[in-house]
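Colleague: only geometry, no sequence info:
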Ligand SMILES: *Cc1c(COP(=O)(O)O)cnc(C)c1O
(Lines give C-alpha, C1' and ligand atoms only; values in the text may rest on other atoms or scores of the structure.)
Protein backbone atom coordinates (compact mmCIF):
# COMPACT_ATOMS: atom_id res chain seq x y z
CA UNK A 1 0.00 0.00 0.00
CA UNK A 2 1.44 3.36 -1.00
CA UNK A 3 0.57 6.13 1.42
CA UNK A 4 -0.76 9.27 -0.17
CA UNK A 5 2.11 11.69 -0.59
CA UNK A 6 1.79 14.61 -2.94
CA UNK A 7 -1.57 15.03 -4.56
CA UNK A 8 -0.26 17.51 -7.09
CA UNK A 9 -2.08 16.35 -10.16
CA UNK A 10 -5.38 15.80 -8.37
CA UNK A 11 -5.11 19.27 -6.86
CA UNK A 12 -4.51 20.80 -10.27
CA UNK A 13 -7.38 18.91 -11.85
CA UNK A 14 -9.67 19.88 -9.00
CA UNK A 15 -8.80 23.55 -9.52
CA UNK A 16 -9.70 23.18 -13.19
CA UNK A 17 -12.85 21.28 -12.32
CA UNK A 18 -14.11 23.98 -9.98
CA UNK A 19 -13.95 26.49 -12.86
CA UNK A 20 -16.46 24.57 -14.93
CA UNK A 21 -18.48 22.38 -12.54
CA UNK A 22 -20.38 23.27 -9.35
CA UNK A 23 -17.91 22.49 -6.58
CA UNK A 24 -15.76 20.78 -9.20
CA UNK A 25 -17.89 17.63 -9.01
CA UNK A 26 -20.93 15.87 -10.41
CA UNK A 27 -22.29 14.93 -6.98
CA UNK A 28 -21.77 17.15 -3.91
CA UNK A 29 -20.14 14.80 -1.37
CA UNK A 30 -17.30 14.07 -3.80
CA UNK A 31 -15.95 17.59 -3.21
CA UNK A 32 -14.61 16.54 0.24
CA UNK A 33 -16.20 19.63 1.80
CA UNK A 34 -17.10 17.72 4.98
CA UNK A 35 -13.58 16.49 5.68
CA UNK A 36 -11.40 19.22 4.21
CA UNK A 37 -8.75 19.00 1.53
CA UNK A 38 -9.48 18.13 -2.06
CA UNK A 39 -10.52 14.83 -3.61
CA UNK A 40 -8.14 12.39 -5.24
CA UNK A 41 -8.84 11.94 -8.95
CA UNK A 42 -9.24 8.30 -9.89
CA UNK A 43 -7.33 6.87 -12.80
CA UNK A 44 -8.36 3.25 -12.45
CA UNK A 45 -9.48 0.71 -9.92
CA UNK A 46 -9.25 -3.02 -9.54
CA UNK A 47 -10.62 -5.27 -6.82
CA UNK A 48 -10.59 -3.34 -3.55
CA UNK A 49 -8.00 -0.81 -4.70
CA UNK A 50 -8.25 2.63 -6.26
CA UNK A 51 -5.39 4.16 -8.20
CA UNK A 52 -5.18 7.92 -8.51
CA UNK A 53 -3.66 10.25 -11.08
CA UNK A 54 -1.06 11.06 -8.42
CA UNK A 55 0.19 7.48 -8.40
CA UNK A 56 -1.33 6.72 -4.99
CA UNK A 57 -3.21 3.57 -4.12
CA UNK A 58 -6.08 3.30 -1.64
CA UNK A 59 -8.11 0.48 -0.17
CA UNK A 60 -11.57 1.68 -1.12
CA UNK A 61 -14.60 1.48 1.17
CA UNK A 62 -16.68 3.95 -0.84
CA UNK A 63 -17.36 1.16 -3.33
CA UNK A 64 -19.01 3.66 -5.68
CA UNK A 65 -21.35 4.55 -2.80
CA UNK A 66 -22.48 0.96 -2.54
CA UNK A 67 -23.00 0.29 -6.23
CA UNK A 68 -20.11 -2.20 -6.25
CA UNK A 69 -20.36 -5.39 -4.23
CA UNK A 70 -17.84 -7.68 -5.94
CA UNK A 71 -15.00 -5.25 -6.53
CA UNK A 72 -13.80 -2.75 -9.08
CA UNK A 73 -13.45 -4.00 -12.65
CA UNK A 74 -14.60 -7.48 -11.71
CA UNK A 75 -13.50 -9.82 -14.54
CA UNK A 76 -17.02 -11.18 -15.08
CA UNK A 77 -18.54 -7.71 -15.31
CA UNK A 78 -15.79 -6.45 -17.58
CA UNK A 79 -16.20 -9.47 -19.85
CA UNK A 80 -19.97 -9.02 -19.98
CA UNK A 81 -19.57 -5.36 -20.91
CA UNK A 82 -16.94 -6.12 -23.53
CA UNK A 83 -19.24 -8.67 -25.08
CA UNK A 84 -22.16 -6.29 -25.53
CA UNK A 85 -20.43 -2.99 -26.17
CA UNK A 86 -19.41 -3.70 -29.75
CA UNK A 87 -23.00 -4.68 -30.54
CA UNK A 88 -24.38 -1.24 -29.75
CA UNK A 89 -24.89 0.70 -26.53
CA UNK A 90 -28.52 1.74 -26.80
CA UNK A 91 -31.40 0.85 -29.10
CA UNK A 92 -34.56 2.14 -27.47
CA UNK A 93 -36.15 -1.18 -28.40
CA UNK A 94 -36.54 -4.37 -26.37
CA UNK A 95 -33.62 -6.74 -25.79
CA UNK A 96 -33.39 -10.27 -24.42
CA UNK A 97 -31.11 -9.16 -21.58
CA UNK A 98 -33.86 -6.89 -20.20
CA UNK A 99 -36.15 -9.89 -19.83
CA UNK A 100 -33.42 -11.96 -18.22
CA UNK A 101 -32.59 -9.23 -15.72
CA UNK A 102 -36.26 -8.62 -14.91
CA UNK A 103 -36.82 -12.35 -14.35
CA UNK A 104 -33.78 -12.56 -12.10
CA UNK A 105 -34.80 -9.52 -10.03
CA UNK A 106 -38.33 -10.91 -9.62
CA UNK A 107 -36.96 -14.27 -8.54
CA UNK A 108 -34.56 -12.78 -5.98
CA UNK A 109 -36.50 -9.93 -4.32
CA UNK A 110 -39.52 -11.21 -2.34
CA UNK A 111 -41.94 -8.31 -2.99
CA UNK A 112 -41.12 -7.83 -6.65
CA UNK A 113 -43.55 -9.55 -9.05
CA UNK A 114 -43.19 -7.03 -11.86
CA UNK A 115 -40.29 -4.65 -12.41
CA UNK A 116 -39.38 -1.59 -14.50
CA UNK A 117 -35.82 -0.42 -15.17
CA UNK A 118 -34.89 3.25 -14.83
CA UNK A 119 -31.60 5.17 -14.86
CA UNK A 120 -31.11 6.22 -11.25
CA UNK A 121 -32.33 5.64 -7.72
CA UNK A 122 -33.84 9.11 -7.79
CA UNK A 123 -36.08 8.06 -10.66
CA UNK A 124 -36.96 4.78 -8.98
CA UNK A 125 -38.26 6.42 -5.79
CA UNK A 126 -40.04 9.23 -7.65
CA UNK A 127 -41.77 6.68 -9.89
CA UNK A 128 -42.82 4.50 -6.98
CA UNK A 129 -44.32 7.50 -5.23
CA UNK A 130 -46.39 8.30 -8.32
CA UNK A 131 -47.79 4.76 -8.39
CA UNK A 132 -48.61 4.89 -4.67
CA UNK A 133 -50.46 8.17 -5.13
CA UNK A 134 -52.34 6.85 -8.14
CA UNK A 135 -53.28 3.57 -6.45
CA UNK A 136 -54.49 5.16 -3.20
CA UNK A 137 -55.91 8.40 -4.56
CA UNK A 138 -54.01 10.17 -1.75
CA UNK A 139 -51.24 12.73 -2.09
CA UNK A 140 -49.34 12.73 1.23
CA UNK A 141 -46.17 10.73 1.78
CA UNK A 142 -44.20 9.92 4.93
CA UNK A 143 -40.41 9.86 4.97
CA UNK A 144 -37.95 9.66 7.85
CA UNK A 145 -35.54 12.31 9.00
CA UNK A 146 -32.02 11.24 7.97
CA UNK A 147 -33.18 8.95 5.15
CA UNK A 148 -32.37 9.85 1.55
CA UNK A 149 -34.43 8.90 -1.45
CA UNK A 150 -32.71 10.80 -4.24
CA UNK A 151 -33.18 14.42 -5.13
CA UNK A 152 -36.75 14.71 -6.39
CA UNK A 153 -38.84 17.51 -4.89
CA UNK A 154 -41.06 15.35 -2.69
CA UNK A 155 -38.10 13.86 -0.84
CA UNK A 156 -35.91 16.96 -0.39
CA UNK A 157 -37.91 17.75 2.68
CA UNK A 158 -37.03 18.13 6.35
CA UNK A 159 -39.19 18.22 9.44
CA UNK A 160 -40.99 21.50 9.98
CA UNK A 161 -41.27 23.07 13.39
CA UNK A 162 -44.45 21.18 14.26
CA UNK A 163 -44.33 17.61 15.56
CA UNK A 164 -44.20 15.09 12.71
CA UNK A 165 -46.48 17.16 10.53
CA UNK A 166 -45.81 19.18 7.42
CA UNK A 167 -42.38 19.10 5.86
CA UNK A 168 -40.37 22.09 4.77
CA UNK A 169 -38.11 22.20 1.72
CA UNK A 170 -34.56 21.12 2.57
CA UNK A 171 -33.32 22.76 -0.62
CA UNK A 172 -34.16 26.06 -2.27
CA UNK A 173 -36.14 25.38 -5.43
CA UNK A 174 -38.44 22.82 -3.84
CA UNK A 175 -41.91 24.39 -3.85
CA UNK A 176 -43.28 24.72 -0.28
CA UNK A 177 -46.57 23.31 -1.59
CA UNK A 178 -44.81 20.13 -2.70
CA UNK A 179 -42.89 19.86 0.56
CA UNK A 180 -46.10 20.22 2.54
CA UNK A 181 -47.33 16.94 1.06
CA UNK A 182 -44.40 15.18 2.71
CA UNK A 183 -44.59 14.33 6.40
CA UNK A 184 -41.38 13.63 8.26
CA UNK A 185 -41.26 10.95 10.94
CA UNK A 186 -38.50 9.76 13.26
CA UNK A 187 -36.59 6.59 12.34
CA UNK A 188 -37.22 3.70 14.73
CA UNK A 189 -40.17 5.60 16.26
CA UNK A 190 -43.50 3.97 15.38
CA UNK A 191 -45.51 6.52 17.38
CA UNK A 192 -44.25 9.30 15.12
CA UNK A 193 -45.45 7.27 12.12
CA UNK A 194 -48.85 6.59 13.66
CA UNK A 195 -49.28 10.36 14.14
CA UNK A 196 -48.54 10.93 10.45
CA UNK A 197 -51.00 8.26 9.28
CA UNK A 198 -53.92 9.06 11.58
CA UNK A 199 -55.94 11.18 9.12
CA UNK A 200 -55.70 8.46 6.43
CA UNK A 201 -54.40 10.90 3.81
CA UNK A 202 -51.03 9.23 3.35
CA UNK A 203 -50.41 7.29 0.14
CA UNK A 204 -47.13 5.69 1.20
CA UNK A 205 -44.57 5.36 3.94
CA UNK A 206 -41.18 5.37 2.23
CA UNK A 207 -38.28 4.02 4.29
CA UNK A 208 -34.73 2.82 3.97
CA UNK A 209 -35.19 -0.53 5.72
CA UNK A 210 -31.64 -0.16 6.99
CA UNK A 211 -30.91 3.55 7.05
CA UNK A 212 -27.74 4.10 5.05
CA UNK A 213 -27.70 7.78 4.33
CA UNK A 214 -27.06 8.86 7.93
CA UNK A 215 -24.31 6.30 8.32
CA UNK A 216 -25.66 2.82 8.89
CA UNK A 217 -28.57 2.80 11.35
CA UNK A 218 -30.16 -0.64 11.69
CA UNK A 219 -33.90 -0.93 12.27
CA UNK A 220 -35.04 -1.91 15.76
CA UNK A 221 -36.54 -5.44 15.71
CA UNK A 222 -40.12 -4.16 15.87
CA UNK A 223 -39.68 -1.20 13.51
CA UNK A 224 -40.23 -2.76 10.07
CA UNK A 225 -42.99 -5.17 11.20
CA UNK A 226 -44.59 -2.19 12.98
CA UNK A 227 -44.50 -0.12 9.78
CA UNK A 228 -46.15 -2.98 7.89
CA UNK A 229 -48.92 -3.19 10.51
CA UNK A 230 -49.49 0.58 10.67
CA UNK A 231 -49.64 0.85 6.88
CA UNK A 232 -52.16 -1.99 6.68
CA UNK A 233 -54.30 -0.38 9.37
CA UNK A 234 -54.38 2.96 7.55
CA UNK A 235 -54.74 1.91 3.91
CA UNK A 236 -51.23 3.21 3.24
CA UNK A 237 -48.69 1.48 1.00
CA UNK A 238 -45.33 0.48 2.43
CA UNK A 239 -42.39 1.33 0.17
CA UNK A 240 -38.88 0.07 0.86
CA UNK A 241 -36.19 2.19 -0.71
CA UNK A 242 -33.67 -0.60 -1.19
CA UNK A 243 -31.47 1.36 -3.58
CA UNK A 244 -28.62 0.81 -1.10
CA UNK A 245 -29.71 -2.33 0.76
CA UNK A 246 -30.94 -4.32 -2.25
CA UNK A 247 -28.64 -7.28 -2.98
CA UNK A 248 -26.41 -5.76 -0.27
CA UNK A 249 -27.62 -6.83 3.19
CA UNK A 250 -28.95 -10.12 1.77
CA UNK A 251 -29.44 -11.55 -1.71
CA UNK A 252 -33.12 -10.58 -1.48
CA UNK A 253 -32.36 -7.25 0.21
CA UNK A 254 -33.48 -6.05 3.63
CA UNK A 255 -36.99 -7.39 2.98
CA UNK A 256 -35.54 -10.89 2.82
CA UNK A 257 -33.20 -10.33 5.76
CA UNK A 258 -35.94 -9.02 8.06
CA UNK A 259 -38.87 -10.93 6.61
CA UNK A 260 -41.07 -7.89 6.05
CA UNK A 261 -42.60 -7.58 2.60
CA UNK A 262 -43.30 -4.08 1.28
CA UNK A 263 -45.85 -3.26 -1.42
CA UNK A 264 -43.32 -1.50 -3.65
CA UNK A 265 -39.54 -1.47 -3.74
CA UNK A 266 -36.98 0.90 -5.24
CA UNK A 267 -33.70 -0.66 -6.35
CA UNK A 268 -30.49 0.87 -7.64
CA UNK A 269 -26.75 0.68 -7.10
CA UNK A 270 -25.92 -3.08 -7.03
CA UNK A 271 -28.79 -3.97 -9.40
CA UNK A 272 -26.87 -2.29 -12.21
CA UNK A 273 -23.47 -3.72 -11.30
CA UNK A 274 -21.70 -0.35 -11.37
CA UNK A 275 -23.35 0.87 -14.58
CA UNK A 276 -25.84 3.78 -14.40
CA UNK A 277 -29.13 1.97 -13.83
CA UNK A 278 -31.84 1.34 -11.26
CA UNK A 279 -35.26 -0.29 -11.04
CA UNK A 280 -38.53 -0.34 -9.20
CA UNK A 281 -41.06 -3.08 -8.70
CA UNK A 282 -43.56 -4.69 -6.41
CA UNK A 283 -47.04 -6.17 -6.26
CA UNK A 284 -48.31 -7.02 -9.72
CA UNK A 285 -51.63 -5.19 -9.25
CA UNK A 286 -49.73 -1.99 -8.45
CA UNK A 287 -47.09 -2.35 -11.13
CA UNK A 288 -49.77 -3.06 -13.75
CA UNK A 289 -50.90 0.52 -13.27
CA UNK A 290 -47.71 1.67 -14.99
CA UNK A 291 -47.91 2.64 -18.69
CA UNK A 292 -48.54 1.03 -21.07
CA UNK A 293 -50.41 -1.57 -18.94
CA UNK A 294 -52.08 1.23 -16.99
CA UNK A 295 -52.43 5.01 -16.85
CA UNK A 296 -49.48 5.95 -14.59
CA UNK A 297 -46.90 7.47 -16.88
CA UNK A 298 -43.18 6.77 -16.59
CA UNK A 299 -40.65 6.34 -19.40
CA UNK A 300 -36.91 6.41 -20.13
CA UNK A 301 -34.86 6.82 -23.32
CA UNK A 302 -31.89 4.88 -21.97
CA UNK A 303 -33.77 2.70 -19.49
CA UNK A 304 -32.66 -0.94 -19.51
CA UNK A 305 -29.88 -0.22 -21.98
CA UNK A 306 -27.44 -3.02 -22.85
CA UNK A 307 -24.59 -1.77 -20.66
CA UNK A 308 -26.78 -1.74 -17.56
CA UNK A 309 -28.35 -5.12 -18.25
CA UNK A 310 -24.94 -6.69 -18.96
CA UNK A 311 -23.29 -5.36 -15.79
CA UNK A 312 -26.39 -6.00 -13.70
CA UNK A 313 -26.89 -9.54 -14.96
CA UNK A 314 -23.23 -10.47 -14.51
CA UNK A 315 -23.30 -9.16 -10.93
CA UNK A 316 -26.65 -10.61 -9.87
CA UNK A 317 -25.92 -14.00 -11.46
CA UNK A 318 -22.65 -14.16 -9.56
CA UNK A 319 -24.40 -13.24 -6.32
CA UNK A 320 -27.15 -15.81 -6.92
CA UNK A 321 -24.49 -18.47 -7.57
CA UNK A 322 -22.52 -17.52 -4.42
CA UNK A 323 -25.12 -16.91 -1.69
CA UNK A 324 -22.46 -17.80 0.91
CA UNK A 325 -20.94 -14.40 0.15
CA UNK A 326 -23.58 -12.84 2.42
CA UNK A 327 -22.54 -15.08 5.32
CA UNK A 328 -18.96 -14.03 4.71
CA UNK A 329 -20.03 -10.36 4.76
CA UNK A 330 -21.89 -10.95 8.03
CA UNK A 331 -18.85 -12.54 9.65
CA UNK A 332 -16.35 -10.01 8.29
CA UNK A 333 -18.67 -7.12 9.10
CA UNK A 334 -19.03 -8.34 12.67
CA UNK A 335 -15.28 -8.62 12.97
CA UNK A 336 -14.75 -5.03 11.76
CA UNK A 337 -17.43 -3.63 14.06
CA UNK A 338 -16.16 -5.57 17.09
CA UNK A 339 -12.56 -4.65 16.45
CA UNK A 340 -13.18 -0.93 15.99
CA UNK A 341 -15.66 -0.94 18.89
CA UNK A 342 -12.94 -2.44 21.12
CA UNK A 343 -10.48 0.23 19.95
CA UNK A 344 -12.96 2.93 20.93
CA UNK A 345 -13.43 1.39 24.39
CA UNK A 346 -9.68 1.17 24.87
CA UNK A 347 -9.27 4.82 23.89
CA UNK A 348 -11.99 5.63 26.40
CA UNK A 349 -13.98 7.86 24.08
CA UNK A 350 -17.63 7.38 23.13
CA UNK A 351 -18.35 6.04 19.69
CA UNK A 352 -20.47 3.40 17.96
CA UNK A 353 -19.63 1.18 15.00
CA UNK A 354 -22.73 -0.31 13.41
CA UNK A 355 -22.99 -2.90 10.68
CA UNK A 356 -25.59 -4.90 8.84
CA UNK A 357 -23.73 -7.48 6.79
CA UNK A 358 -21.03 -5.59 4.92
CA UNK A 359 -22.58 -2.15 5.37
CA UNK A 360 -21.10 0.08 8.11
CA UNK A 361 -21.48 3.27 10.04
CA UNK A 362 -18.99 4.83 12.43
CA UNK A 363 -20.40 7.41 14.81
CA UNK A 364 -17.72 9.16 16.81
CA UNK A 365 -18.58 10.94 20.03
CA UNK A 366 -22.02 9.40 20.64
CA UNK A 367 -23.17 6.37 22.67
CA UNK A 368 -26.12 5.08 20.68
CA UNK A 369 -27.70 5.66 17.27
CA UNK A 370 -31.36 4.96 16.57
CA UNK A 371 -32.45 8.04 14.65
CA UNK A 372 -31.21 11.28 13.15
CA UNK A 373 -31.54 12.92 16.58
CA UNK A 374 -28.67 10.73 17.79
CA UNK A 375 -26.69 10.75 14.56
CA UNK A 376 -26.72 14.52 14.18
CA UNK A 377 -24.82 14.80 17.50
CA UNK A 378 -21.67 13.08 16.18
CA UNK A 379 -18.30 14.76 16.52
CA UNK A 380 -17.73 15.91 12.93
CA UNK A 381 -14.29 17.36 13.70
CA UNK A 382 -13.13 14.03 15.05
CA UNK A 383 -14.54 12.25 12.02
CA UNK A 384 -12.61 14.63 9.77
CA UNK A 385 -9.35 13.87 11.63
CA UNK A 386 -10.10 10.13 11.52
CA UNK A 387 -10.89 10.25 7.81
CA UNK A 388 -7.69 12.16 6.99
CA UNK A 389 -5.55 9.87 9.17
CA UNK A 390 -6.96 6.83 7.33
CA UNK A 391 -6.49 8.48 3.94
CA UNK A 392 -2.86 9.35 4.69
CA UNK A 393 -2.32 5.68 5.52
CA UNK A 394 -3.93 4.42 2.31
CA UNK A 395 -7.56 3.72 3.29
CA UNK A 396 -10.41 5.64 1.69
CA UNK A 397 -13.66 5.97 3.64
CA UNK A 398 -16.61 8.02 2.39
CA UNK A 399 -15.67 11.67 3.00
CA UNK A 400 -18.56 12.39 5.38
CA UNK A 401 -19.57 11.36 8.89
CA UNK A 402 -23.06 10.66 7.52
CA UNK A 403 -22.32 8.12 4.80
CA UNK A 404 -22.27 4.36 5.07
CA UNK A 405 -19.24 2.41 3.88
CA UNK A 406 -19.15 -0.99 2.31
CA UNK A 407 -17.41 -4.31 1.95
CA UNK A 408 -16.85 -5.78 -1.47
CA UNK A 409 -15.95 -9.40 -2.07
CA UNK A 410 -12.51 -8.16 -3.09
CA UNK A 411 -11.85 -6.96 0.47
CA UNK A 412 -12.15 -10.47 1.87
CA UNK A 413 -8.72 -11.71 0.82
CA UNK A 414 -6.60 -10.24 3.61
CA UNK A 415 -7.02 -6.68 2.37
CA UNK A 416 -9.56 -6.19 5.14
CA UNK A 417 -7.01 -7.07 7.83
CA UNK A 418 -4.56 -4.53 6.46
CA UNK A 419 -7.33 -1.94 6.36
CA UNK A 420 -8.36 -2.75 9.94
CA UNK A 421 -4.83 -2.06 11.17
CA UNK A 422 -4.95 1.31 9.43
CA UNK A 423 -8.40 2.17 10.79
CA UNK A 424 -7.27 1.23 14.31
CA UNK A 425 -4.27 3.52 14.08
CA UNK A 426 -6.37 6.28 12.51
CA UNK A 427 -8.84 6.06 15.40
CA UNK A 428 -6.02 6.26 17.94
CA UNK A 429 -4.23 9.21 16.42
CA UNK A 430 -7.42 11.13 15.64
CA UNK A 431 -8.87 10.74 19.15
CA UNK A 432 -6.10 12.79 20.68
C1 LIG B 1 -28.21 6.31 -3.59
C2 LIG B 1 -29.60 6.32 -3.08
C3 LIG B 1 -30.65 6.91 -3.80
C4 LIG B 1 -30.42 7.72 -5.03
O5 LIG B 1 -29.92 6.98 -6.08
P6 LIG B 1 -29.23 7.78 -7.30
O7 LIG B 1 -28.89 6.69 -8.26
O8 LIG B 1 -28.03 8.47 -6.72
O9 LIG B 1 -30.22 8.74 -7.82
C10 LIG B 1 -31.94 6.75 -3.33
N11 LIG B 1 -32.18 6.08 -2.21
C12 LIG B 1 -31.20 5.50 -1.48
C13 LIG B 1 -31.54 4.75 -0.25
C14 LIG B 1 -29.88 5.62 -1.88
O15 LIG B 1 -28.91 5.09 -1.13
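Modeller: All right, it came through fine. Keep in mind that this is a model prediction, so the values were computed, not measured.
Colleague: OK, contacts around residue 246?
Modeller: The contact partners of residue 246, by C-beta atoms under 8 Å, 6 or more residues apart in numbering, come to 109, 253, 254, 265, 267, 268, 269, 270, 271. Yep, even glycine has a C-beta here, placed from its N, CA and C like the rest.
Colleague: contacts for whichever helix or strand residue 315 is part of?
Modeller: Using DSSP states H and E, residue 315 maps to helix 306-321. The contact list for helix 306-321 (C-beta under 8 Å, 6+ apart) reads 69-70, 74, 76-77, 79-81, 83-85, 87-91, 95, 97-98, 100-101, 104-105, 108, 117, 247, 251, 270-277, 325.
Colleague: Return the members of these classed as buried.
Modeller: 69-70, 74, 77, 80-81, 84, 95, 97-98, 101, 104-105, 108, 117, 247, 251, 270-275, 277, 325 (16 or more other C-beta atoms under 10 Å).
Colleague: I'd like the list of these that fall within helices, please.
Modeller: Using DSSP state H, the members of the buried ones among the contacts of helix 306-321 that fall in helices are 77, 80, 81, 84, 97, 98, 101, 104, 105, 108, 325.
Colleague: Next, format those as CSV and append pLDDT and distance to the ligand.
Modeller: Below are those laid out as CSV (pLDDT from 0 to 100; distance: C-beta to the nearest ligand atom, whole Å):
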residue, pLDDT, distance to the ligand
77, 98, 18
80, 98, 21
81, 98, 19
84, 97, 21
97, 98, 20
98, 98, 19
101, 98, 17
104, 98, 20
105, 98, 16
108, 98, 18
325, 98, 20
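Colleague: For residue 169, state which of those is nearest.
Modeller: Proximity of those to residue 169 was ranked by C-beta to C-beta; the top entry is residue 105 with 33.4 Å.
Colleague: Isn't that closest one up against residue 111?
Modeller: No - look at residue 105 against residue 111 with C-beta atoms under 8 Å: they stay out of range, at 10.8 Å.
Colleague: The host helix or strand of residue 239 - contacts with which helices or strands?
Modeller: Using DSSP H and E, residue 239 sits in strand 237-242. In terms of contacts (3 or more C-beta pairs under 8 Å, 6 or more residues apart in numbering; DSSP states H and E), strand 237-242 is packed against helix 121-136, strand 202-207, helix 223-234, helix 253-258, strand 264-267.
Colleague: for the residue nearest to the spatial centre of the chain, phi and psi?
Modeller: Geometric centre of the chain, nearest residue: residue 244, 3.0 Å, by C-alpha atoms, centre = their mean. For residue 244, the backbone dihedrals are phi -90, psi -40 (criterion: degrees, to the nearest 10).
Colleague: Kindly provide the distance from it to residue 344.
Modeller: Residue 244 sits 25 Å away from residue 344, going by C-beta to C-beta, to the nearest Å.
Colleague: residues from the stretch 201-350 of the chain in reach of the ligand?
Modeller: Within the stretch 201-350 of the chain, the residues that sit near the ligand (C-beta under 6 Å from any ligand atom) are 208, 212, 213, 241, 243, 244, 268, 278.
Colleague: Can I get these in CSV including pLDDT?
Modeller: Below are these laid out as CSV (pLDDT from 0 to 100):
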residue, pLDDT
208, 98
212, 98
213, 97
241, 98
243, 98
244, 98
268, 98
278, 98
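Colleague: and of these, the nearest to residue 376?
Modeller: Closest approach to residue 376 among these (C-beta to C-beta): residue 213, at 12.9 Å.
Colleague: show me the contacts for the residue of the chain found nearest the ligand.
Modeller: Relative to the ligand, the nearest point of the chain is residue 121 (2.1 Å; C-beta to the nearest ligand atom). By C-beta under 8 Å, 6+ apart, residue 121 lies in contact with 149, 150, 241, 243, 266, 267, 268, 269, 278.
Colleague: How about residue 135?
Modeller: In this structure, residue 135 makes contact with 203, 237, 286, 289, judged by C-beta under 8 Å, 6+ apart.
Colleague: so how far is residue 182 from it?
Modeller: Distance from residue 135 to residue 182, by C-beta to C-beta: 18 Å.
Colleague: quick one, phi psi at the closest residue to residue 270 other than its chain neighbours?
Modeller: Excluding the flanking residues, the one nearest residue 270 by C-beta to C-beta, 6 or more residues apart in numbering is residue 247, at 4.1 Å. The phi/psi pair for residue 247 (degrees, to the nearest 10) reads phi 60, psi 10.
Colleague: What does the pLDDT read for the residue nearest to residue 167 when sequence neighbours are not counted?
Modeller: Computed as C-beta to C-beta, 6+ apart, the closest residue to residue 167 that is not its neighbour in sequence is residue 157, at 3.6 Å. If you check residue 157, the pLDDT there is 95.
Colleague: how many neighbours does residue 157 have?
Modeller: Close neighbours of residue 157, defined as other C-beta atoms under 10 Å, add up to 26.
Colleague: about what we covered before: okay but the residue nearest to the centre of the chain is in contact with residue 208, surely?
Modeller: Yes - counting by C-beta under 8 Å, residue 244 does reach residue 208; the two are 6.7 Å apart.
Colleague: which residues touch the helix or strand hosting residue 421?
Modeller: Using DSSP H and E, residue 421 maps to helix 415-431. If you take C-beta under 8 Å, 6+ apart as the criterion, helix 415-431 is touched by 1, 47-49, 59, 61, 332, 335-336, 339-340, 343-344, 347, 349, 382, 385-390, 393-395, 407, 411.
Colleague: That's all I had, so thanks and see you.
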